[in-house]
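J.: here's my sequence, what's the structure:
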Amino acid sequence: MLTFNDLPDVFYSAHRGGAGEAPENTLEALRAGARWAEVLDLDTQVLGDGTPVLMHDSTVDRTTSASGPVTGYGIAQWQALRCNPSYWFASGYPSLPAPTVEQALDAFGGRRVMTVEAKNPDGVDELARLILDRSLAESVLINTNDVETVAAVRSAGCRAHLWRSAAQMTGDDFPALVAAGADVLDVDQAASDTLIRQAVAAAPPLGAWAHTVTRRCQRDRLLGLGCRGIVTDHPGYVTGRAPARTSDSLAAGWGNGYVPSGTAPRPALLSGGVLHFDWTSGTQVLLLGELAPVDAGTFTVEAKFSLSAATSRPWVGLHLALDDADAALKSTSVVHDGYTCQFTGGGNLAVYRDDAAPRTSALLTSVAAGGTVAADTTYTLRVTVTPTQVRVTVPELGTAVATATDSTHRGPMSLYLGRAASSAGVTAKAWDITAV
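T.: Numbers count the residues shown, from 1 in each chain. Model (predicted):
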């Protein structure tokens, strides 16, 4: 049986089971998260009959096909409930049952370290009973945001995981929280370096963990500050352990792609590792683990795109970044080292070198692409990277090649996709992205 003592010096926790891998707080999410993470994190609420169940919110409205408070359900009604994955996942994702904590502990207890958050403090005693009855006191933490609940967890015979928001951390006495019984201090990654270092220095028994991490650049900062545990929705991607997908994500859980909320529908990964989606709004997306990071050596990335109307002034682009920080794909928002490769609004193929430290974007080369882009016609923005060059072409428009001889930035690269929101009424409609 795995216990806290089996955790490595640095480990990863699948937040809400792995909410970026499969619908949150389902057994499918826990199975997906367990592929990449040493710890499984889940949220619990209490039914009207006292049964602890997996659910983040106090109502079922957001993540299931039903509505109403969790306390309005008994176990029979709960067993008939089905999760609705369309909140974060493609509408074609199969519906899944809403599990109980007992089911989760029986499925994963002892196979993974777990942390179960008591969203309702009234559920602590029953959670503790389920944990102790299975001899999991050294494998499963009870998680809370409430300092007073820490004492209740310890009194019930379990280990306590205390998470704090950035705002709460400004007033926290971290050594006092550890003295009060917190085995884990789980800090907000949005907090300052100073506060995070203070939490680490308080030396909780199981170390300082950090939530909620979606990007590797966040991970690297937090590990550099001394955090031991990284709590993430995307354990496959953030750990770097998951390979790029080569088949339909829905066949085995969503996978580790990410689209900023409200930007576009979640894409579908087609056979052969092609990432496809239709734009509705927004201008850029980080492809995350579906296709990134790509190898540091020689590789080619292709973006198949179509436009809503004929134009000689499109704007579509791929950004190759040495980290995965947020980006707006424009020279005023340079946040990482890498290259931006564009089919520009002036009808040119262009390569820019982006330098994070001075926050500048330097045009390395620009050539006329030639020809007018027709409406509803598929074109290819092809980017080839070698150790010394970056080349951009749109082969359907002719032989023009923008070649930048530059080897300043090399390493595993994250891929960003961008398009103009509008250009004289013309919008980029659909994309298929693949590394070839």
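J.: which strands and helices sit next to whichever helix or strand H319 is part of?
T.: Using DSSP states H and E, H319 sits within strand 316-321. Packing partners of strand 316-321 (3 or more C-beta pairs under 8 Å, 6 or more residues apart in numbering; DSSP states H and E): strand 299-307, strand 338-343, strand 379-385, strand 414-419. No exception for glycine: its C-beta is placed from N, CA and C like everyone else's.
J.: now that strand and strand 338-343, what's the angle there?
T.: Calculated by axes from the mean of the first three to the mean of the last three C-alpha atoms, to 10 degrees, strand 316-321 forms an angle of 170 degrees with strand 338-343.
J.: just checking: what are the partner strands of strand 316-321?
T.: Strand 316-321 has these partner strands in its sheet, going by DSSP bridges: strand 338-343 (antiparallel), strand 414-419 (antiparallel).
J.: mean confidence score for the first one?
T.: When pLDDT is averaged over strand 338-343, the result is 92.
J.: how far does stretch 118-134 sit from the chain's center?
T.: Per C-alpha atoms, centre = their mean, to the nearest Å, the displacement of stretch 118-134 from the mean C-alpha position of its chain is 29 Å.
J.: give me the buried positions along it.
T.: Counting neighbours by 16 or more other C-beta atoms under 10 Å, one finds that the buried residues in stretch 118-134 are A118, K119, N120, G123, V124, E126, L127, A128, L130, I131, R134.
J.: of those residues, closest to T360?
T.: Ranked by distance to T360 (C-beta to C-beta), these are led by K119 at 46.1 Å.
J.: residues near the nearest residue to the closest one once chain neighbours are set aside, how many?
T.: Leaving aside its sequence neighbours, K119 sits nearest to Q45 (C-beta to C-beta, 6 or more residues apart in numbering; 5.3 Å). Close neighbours of Q45, defined as other C-beta atoms under 10 Å, add up to 25.
J.: give me the mean pLDDT for the strand holding H319.
T.: Here the average pLDDT along strand 316-321 is 86.
J.: L162 contacts V150, correct?
T.: Yes. Using C-beta atoms under 8 Å as the test, L162 is close enough to V150 to be in contact (5.6 Å).
J.: who touches both of these two?
T.: T144, L177, A182 (C-beta atoms under 8 Å, 6 or more residues apart in numbering).
J.: quick one: low-confidence ranges for the stretch 1-150 of the chain?
T.: Within the stretch 1-150 of the chain, the ranges that satisfy pLDDT under 70 run 86-93.
J.: for it, what spans make up the helices?
T.: 27-34, 75-79, 101-108, 124-133, 147-155 (DSSP state H, counting those that start in this stretch).
J.: ok, back up a step: who wins for proximity to G68 among the helices and strands packed on strand 316-321?
T.: By C-beta to C-beta (comparing all of those), the closest turns out to be strand 414-419, at 39.4 Å.
J.: can you give the distance of that closest one from its chain's centre?
T.: Distance of strand 414-419 from the chain centroid (C-alpha atoms, centre = their mean) equals 16 Å.
J.: stretch 130-142 too?
T.: Distance of stretch 130-142 from the chain centroid (C-alpha atoms, centre = their mean) equals 28 Å.
J.: hmm, who's touching that stretch?
T.: With contact meaning C-beta under 8 Å, 6+ apart, stretch 130-142 is reached by 1-5, 52, 101-102, 105-106, 109-110, 113-118, 124, 127-128, 153, 156-161, 183-184, 206.
J.: quick one on the thing from earlier: distance to G398 added to the buried residues of stretch 118-134, as CSV?
T.: Listed next are the buried residues of stretch 118-134 as CSV, based on distance: C-beta to C-beta, whole Å:
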residue, distance to G398
A118, 64
K119, 60
N120, 64
G123, 66
V124, 69
E126, 70
L127, 66
A128, 70
L130, 67
I131, 67
R134, 67
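J.: relative to A362, which of those residues is nearest.
T.: Once C-beta to C-beta is applied, the member of the buried residues of stretch 118-134 that ends up nearest A362 is K119, at 49.8 Å.
J.: residue contacts, the closest one?
T.: By C-beta under 8 Å, 6+ apart, K119 lies in contact with D43, T44, Q45, M55, H56, S58.
J.: from R16, how far out is it?
T.: Going from K119 to R16 by C-beta to C-beta, to the nearest Å gives 12 Å.
J.: which residues do the two both contact?
T.: Residues touching both K119 and R16 by C-beta under 8 Å, 6+ apart: D43, H56.
J.: more neighbours, L162 and V150?
T.: Neighbour totals were compared for L162 and V150, and L162 leads with 27 against 20 (other C-beta under 10 Å).
J.: which secondary structure elements does the host helix or strand of that one contact?
T.: Using DSSP H and E, L162 maps to strand 159-163. Under the contact definition 3+ C-beta pairs under 8 Å, 6+ apart, strand 159-163 sits against strand 113-118, strand 140-144, helix 147-155, strand 182-188, strand 208-213.
J.: which residues touch the first one?
T.: Translated: strand 113-118. 2-4, 6-7, 13, 38-44, 52, 101, 104-105, 108, 124, 127, 131, 136, 139-144, 149, 153, 161, 163, 184.
J.: who does that strand pair up with?
T.: Strand 113-118 pairs in its sheet with strand 39-46 (parallel), strand 140-144 (parallel), by DSSP bridges.
J.: next: the fourth one.
T.: Note on strand 182-188: by DSSP bridges, its sheet partners are strand 159-163 (parallel), strand 208-213 (parallel).
J.: what average pLDDT does the next helix or strand after it get?
T.: Proceeding N to C from strand 182-188, the next assigned helix or strand is helix 193-201, under DSSP H and E. With pLDDT averaged residue by residue, helix 193-201 scores 98.
J.: if we go by neighbour counts, what in helix 193-201 is buried?
T.: The neighbour-count check on helix 193-201 (16+ other C-beta under 10 Å) flags L195, I196, R197, Q198, A199, V200 as buried.
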